[in-house]
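[1] how would this look folded up:
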Amino acid sequence: MPGLDKLVAIAEAGNVNIAWLATGEGPMRPGDKVEEKEIIKKEQPAISADYDNFRISEKMQKTVEILESDTIYRPSLAANIDAFHHGMTQEKVVQEQQAQIAANQQQIANLEARMAVLEKSIACATVTPDNYKITPKSNGNSAE
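    Numbering: from 1, shown residues only. This is a model prediction of the structure:
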């Protein structure tokens, strides 16, 4: 099992998602979408419900036990923790960017609406060179 630094380097070099590289699940490449029909529900062991409701203190104690051990599970768990943390951090970044994009789109829509009002006002008025006041457009009947 490569360390997180090597896993990240491999993912970047291959332009693949680190989660896909580590688990084989999810979209292979950044930006790929997983079709709903492609998502295969794997058979979960009968204890899977236990993983939805667990005591954090118990999981933390087990995690510390593994990380402090000299077993082969230690580096794997450390790499998984780092990979999951990185994924969670990136998910937060994406959510923040999506919120910013939505706010920018709203600002653009507001500016476009204001520009349309200004363009309509300009189309309905003329400026005379003598006083630069806005006067109504003439019908072509008066001498200008």
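[2] how about low-confidence regions in the chain?
    In the predicted model of the chain, residues 1-2, 34-52, 125-144 satisfy pLDDT under 70.
[3] which stretches in it count as strands?
    Taking DSSP state E as the criterion, the chain contains strands spanning 125-127, 134-136.
[4] in stretch 81-99, which residues are buried?
    Neighbour-count burial for stretch 81-99, with 16 or more other CB atoms under 10 Å as criterion, is recorded at 82-83, 86. All C-beta atoms are positioned from the backbone trio N, CA, C, and that covers glycine.
[5] would you list those residues in a markdown table and tack on distance to A113?
    A markdown table is the format used below for the buried residues of stretch 81-99 (distance: CB to CB, whole Å):
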| residue | distance to A113 |
| --- | --- |
| D82 | 47 |
| A83 | 45 |
| H86 | 41 |
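[6] from Q107, how far off is the most centrally placed residue in the chain?
    With distances taken as CA atoms, centre = their mean, the chain has V94 as the residue nearest its mean C-alpha position (2.1 Å). V94 sits 20 Å away from Q107, going by CB to CB, to the nearest Å.
[7] now do M115
    Separation of M115 from Q107 (CB to CB) stands at 12 Å.
[8] next one: T89
    If you go by CB to CB, the gap between T89 and Q107 works out to 27 Å.
[9] need the helices for the chain, in chain order.
    Using DSSP state H, the helices of the chain run over 4-14, 18-23, 56-67, 73-123.
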